[in-house]
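A.B. asks: what follows is a predicted structure for the sequence shown.
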Amino acid sequence: MYTNRFLLLFFVLISPLLSQAQSDKPVGGHFGVKVGASFTQVAISGTSVNIPKRALQPNLGVMYRYRYHRVVVQPEALLAIKGGTFQQEGVGGRTTTSQSYYYACLPILFGYIPTEGLTVQAGPELSYALNSGSANGPGAQNDLGAVVGVHYDFLDMLNKFSLHVRYVHGFVNVSSEAGASYYNRNVQVSIVYNLFPKKKKK
């Protein structure tokens, strides 16, 4: 059910943007579509029977990138799965359970271009949990995180594609346990397809 809601929200977000684009010039903006993977884990403080482990989860979304010479502003709308896997010590050995936290995320990134093709970025990320309160969901509905990363534009025949690599550090306790605090930690690697405008015929 959450996967269907996840995909529906993605297509609602992306559909009005597919026919639009702005610019890939030093001054101007354009839209993009992105898809990738997240290496996600929960950092635990306090007392818990859970031992956090990493999980590999998808992320997808849309972005708008506005460039003014070497300065970039880049708001995004993403669907991402956070959380991770947990191991528990038992009489018969360790057992593993999965906790998938489905989020609609709104990062707003500010960047600087030290050399053409490479952008260093940072900014806040607001996240809304789509499955909070469920058995496998987070205990808190909202999360606030900080994002740091890089944006790399490919050249030549791949000039419509870019690579995003970033780390997202959550600050909100999303635990449903009384004696423990859980914080989202994510490394995201995504490929972007840039929707540049068609060149006007002379």
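C.D. replies: That came through, no problem.
A.B. asks: list the contacts of stretch 131-148.
C.D. replies: Contact with stretch 131-148 is made by 2, 82-83, 98-103, 107, 109, 121-129, 166-177, 182, 184, as judged by CB atoms under 8 Å, 6 or more residues apart in numbering. (C-beta placed from N, C-alpha, C; glycine too.)
A.B. asks: mean confidence for it?
C.D. replies: Mean pLDDT, stretch 131-148: 92.
A.B. asks: then stretch 159-177?
C.D. replies: For stretch 159-177, mean pLDDT is 94.
A.B. asks: chain center to it: distance?
C.D. replies: Here stretch 159-177 is found 5 Å from its chain centre; the criterion is CA atoms, centre = their mean, to the nearest Å.
A.B. asks: quick one: end-to-end distance for it.
C.D. replies: End-to-end distance for stretch 159-177: 47 Å, by CA to CA, to the nearest Å.
A.B. asks: what about the strands in this structure?
C.D. replies: Shown for the chain, the strands assigned by DSSP state E span residues 27-46, 51-53, 55-68, 71-90, 93-115, 118-129, 142-153, 161-170, 180-195.
A.B. asks: dump the ones you listed to JSON lines, plus mean neighbour count and distance to residue 135.
C.D. replies: Output for these, formatted as JSON lines (neighbours: other CB atoms under 10 Å; distance: least, CB to CB, whole Å):
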{"stretch": "strand 27-46", "mean neighbour count": "18", "distance to residue 135": "16"}
{"stretch": "strand 51-53", "mean neighbour count": "15", "distance to residue 135": "18"}
{"stretch": "strand 55-68", "mean neighbour count": "19", "distance to residue 135": "17"}
{"stretch": "strand 71-90", "mean neighbour count": "19", "distance to residue 135": "12"}
{"stretch": "strand 93-115", "mean neighbour count": "17", "distance to residue 135": "9"}
{"stretch": "strand 118-129", "mean neighbour count": "18", "distance to residue 135": "13"}
{"stretch": "strand 142-153", "mean neighbour count": "17", "distance to residue 135": "19"}
{"stretch": "strand 161-170", "mean neighbour count": "19", "distance to residue 135": "21"}
{"stretch": "strand 180-195", "mean neighbour count": "20", "distance to residue 135": "15"}
